[in-house]
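> how does the following fold in three dimensions:
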Amino acid sequence: MNISTIAKLANVSTATVSRYLNNGYVSEEKRQKIAEVIARTGYTPSSSAQTLRTGRNNLIGVIVPKISSESIGRMVDGITEIVNHSSYQVLLANTGNDTERELEYLKIFRTNNVDGVIFIGTLMSKKHLAIMHSYKKPIVLLSQQESGVSCVYFDDYGAAEKATDCLIRSGCKRIAHLGVTLRDKAAGRARRGGFMDTLLKNQIPVHEQLIVECEGFSTPDGQAAMQKLLDRGETFDGVFCATDTLAFGAMDCLRQAGISVPDQVCVSAVGNNRMSAIYHPHLTSVNLCHRTGGMEAGAILMEMIQNHVELIQNAQMQCQLFERESTNRTV
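Next up, the predicted model:
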């Protein structure tokens, strides 16, 4: 079964069938005839033939660090909404936070049959940048900001400012921070910077002994970091956590230690996880608009592919504070 056979069965020209298959103009009468033949025969256009004709596979490669992460899921949801609307499909590569696997997927997609790539980055290295700069096809970096490549990133610094300011407005004077590695420019470096600068702007001392770098991003990592502060006998009346999951672990540790949130210690975080409004007490958190960021990355990539746009584009997403019970203390 091929275009010529379809044309004969529908009593139209092969050019008409070709226009139909490529969404070109075909009269309604002929469109219905062709559709009936295709439905009756089960004909499927050859993807390899379409690729040869258009030079495109209508496939987008998306490299993600951890598919089980809610924020990553939101980004992917936004990406797929845009690219699917453009009749493209997503080929997902989950690296499991393995740097070497990220590099391998970047190399695979660089030479593989995808029309463009969106890379959700975390710990960026010179190797990552070298591979991305060597790309001959469109690529967009999501959640990090680097020079020489189109980027969609979040206001991590501003989010930390809002979360820390909320603690200060709740009356906190001695504030701890549960952060992540500074090798992560966004979640680590930018959020810690926003935290420290906000304290200094409000003439509140930054206590280095109250800053703990967590092993990872999980709830157990937050529990372990909080336990370190308690074991050292540190005193504090507020905690800013780099992520919601760290905050959930920290609050669980405080509860087990008999410390009340927010009466004795207020807690704020970044992420606005679905559990933030369910976990007790409800967590004050800053929404980074991850889904919107995914949509923006998808839109930029589609523009680069379909309109042959080579100009490097950058877009920063806005953030929004959601105040809840974990900081609702009477000053």
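> and the strands in the stretch 101-250 of the chain, which stretches?
Taking DSSP state E, counting those that start in this stretch as the criterion, the stretch 101-250 of the chain carries its strands at 116-120, 139-142, 150-154, 175-179, 211-213, 238-241.
> which residues does stretch 158-168 contact?
Outside stretch 158-168, the residues that touch it by C-beta atoms under 8 Å, 6 or more residues apart in numbering are 175, 190-195, 197-199, 202, 204, 238-240, 242, 266, 268-270, 284-286, 288, 319, 321, 323, 327. All C-beta spots, glycine's among them, are computed from the backbone N, C-alpha and C.
> quick one: buried ones out of those residues?
The neighbour-count test (16 or more other C-beta atoms under 10 Å) marks 175, 190-195, 198-199, 204, 238-240, 242, 266, 268-270, 284-286, 288, 319, 321, 323, 327 as buried among the contacts of stretch 158-168.
> now the helices for the protein?
3-10, 14-21, 28-41, 47-54, 70-85, 99-111, 126-133, 156-169, 191-201, 219-231, 244-256, 290-306 (DSSP state H).
> out of the ones you listed, point me to the one whose mean pLDDT is lowest.
In terms of mean pLDDT, the lowest-scoring of the helices of the chain is helix 47-54 (a mean of 50).
> tell me how many other residues crowd residue 170.
21 (other C-beta atoms under 10 Å).
> surely it is in contact with residue 329?
Yes. Using C-beta atoms under 8 Å, residue 170 is in contact with residue 329, at 5.1 Å.
> who touches both of these two?
Shared contacts of residue 170 and residue 329, counting by C-beta under 8 Å, 6+ apart, come down to 262, 266.
> which residue packs closest to residue 136, ignoring adjacent ones?
residue 110 (7.9 Å; C-beta to C-beta, 6 or more residues apart in numbering).
> for the one you found, give me its contacts.
Residue 110 neighbours (C-beta under 8 Å, 6+ apart): 117, 131, 134-137.
> and with 10 Å instead?
61, 117, 131-132, 134-137, 139 (C-beta atoms under 10 Å, 6 or more residues apart in numbering).
> top of those residues by neighbour count?
residue 117 (25 neighbours).
> that one contacts residue 83, correct?
No. Assessed by C-beta atoms under 10 Å, residue 117 is found out of contact with residue 83, at 11.6 Å.
> so what sits against both of these two?
With C-beta under 10 Å, 6+ apart as the test, residue 117 and residue 83 both reach 60, 62, 301.
> wait, the first one touches residue 91, no?
What that stands for is residue 60. Yes. If you go by C-beta under 10 Å, residue 60 and residue 91 touch, sitting 6.8 Å apart.
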